[in-house]
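Visitor: this one's structure only:
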């Protein structure tokens, strides 16, 4: 099984191109934060090349800009090519599905306030706890009594 799901921010505006048979494709790089901090207490990111095809490629070009928060679902694809007598190996994610994770107004607000993508941290800390000290259903109402006759089997 070859399946990848990523959430991150686009590092530059997507590039839209067309094949010889007029099929659109878009390329961009997604910055995905790692779930841990390095020795200096900073969270590092991986920069992953993404390729998206057809109508989704046109939508990505139209609606996604540098810094946009998106989710990508797809598969890993490797390849290689010759450059100056050297074999260059590539690894890309071919997107089957791209989800926009912020509204247009949120993106506009981020741009207007000059917020950079690095100002956003994905908080994946496993040490977070939820306060469960209060009973969730405390004000739900009276208790219900069920007899054996109420059960259908």
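Guide: Looks like it arrived, so ask away. In this text the structure is predicted, and so the values were computed from the model without any measurement. Numbers count the residues shown, from 1 in each chain.
Visitor: could you check how many residues crowd around residue 78?
Guide: Burial of residue 78 is recorded as 8 neighbouring residues (other CB atoms under 10 Å). Just so you know, the C-beta spots here come from the backbone N, C-alpha and C atoms, and that holds for glycine as well.
Visitor: is it within a helix or a strand, and which one?
Guide: Secondary-structure assignment from DSSP states H and E places residue 78 in strand 69-83.
Visitor: check residue 59 too.
Guide: Using DSSP H and E, the secondary-structure element containing residue 59 is helix 54-63.
Visitor: name the residues that touch that helix?
Guide: Under the contact criterion CB atoms under 8 Å, 6 or more residues apart in numbering, helix 54-63 has outside partners 14, 16, 23-26, 28, 52, 95, 97-98, 100, 104.
Visitor: now stretch 24-43
Guide: For stretch 24-43, with CB under 8 Å, 6+ apart as the criterion, the contacting residues are 6-19, 44-58, 60-61, 64, 70, 72, 93, 117, 121-122, 124.
Visitor: kindly recompute the last result at 7 Å.
Guide: Outside stretch 24-43, the residues within contact range by CB atoms under 7 Å, 6 or more residues apart in numbering are 6-12, 14-19, 44-54, 57-58, 60-61, 72, 117, 121-122, 124.
Visitor: ok, stretch 3-12 next?
Guide: Contacts of stretch 3-12 from elsewhere in the structure, counted by CB under 7 Å, 6+ apart, are 28-32, 47-48, 64, 66-76, 93, 101, 117, 120.
Visitor: try it again with 6 Å
Guide: With CB atoms under 6 Å, 6 or more residues apart in numbering as the contact definition, stretch 3-12 has outside contacts at 28-32, 64, 66-69, 71-74, 76, 93, 117.
Visitor: nearest spatial neighbour of residue 79, skipping sequence neighbours?
Guide: Leaving aside its sequence neighbours, residue 79 sits nearest to residue 90 (CB to CB, 6 or more residues apart in numbering; 4.8 Å).
Visitor: any idea which element that neighbour lies in?
Guide: For residue 90, the enclosing helix or strand under DSSP H and E is strand 86-100.
Visitor: now that strand, how far from the centre of its chain.
Guide: From the chain centre to the centre of strand 86-100 is a distance of 14 Å (CA atoms, centre = their mean, to the nearest Å).
Visitor: same check, this time on stretch 91-111
Guide: Per CA atoms, centre = their mean, the centroid offset for stretch 91-111 relative to its chain is 7 Å.
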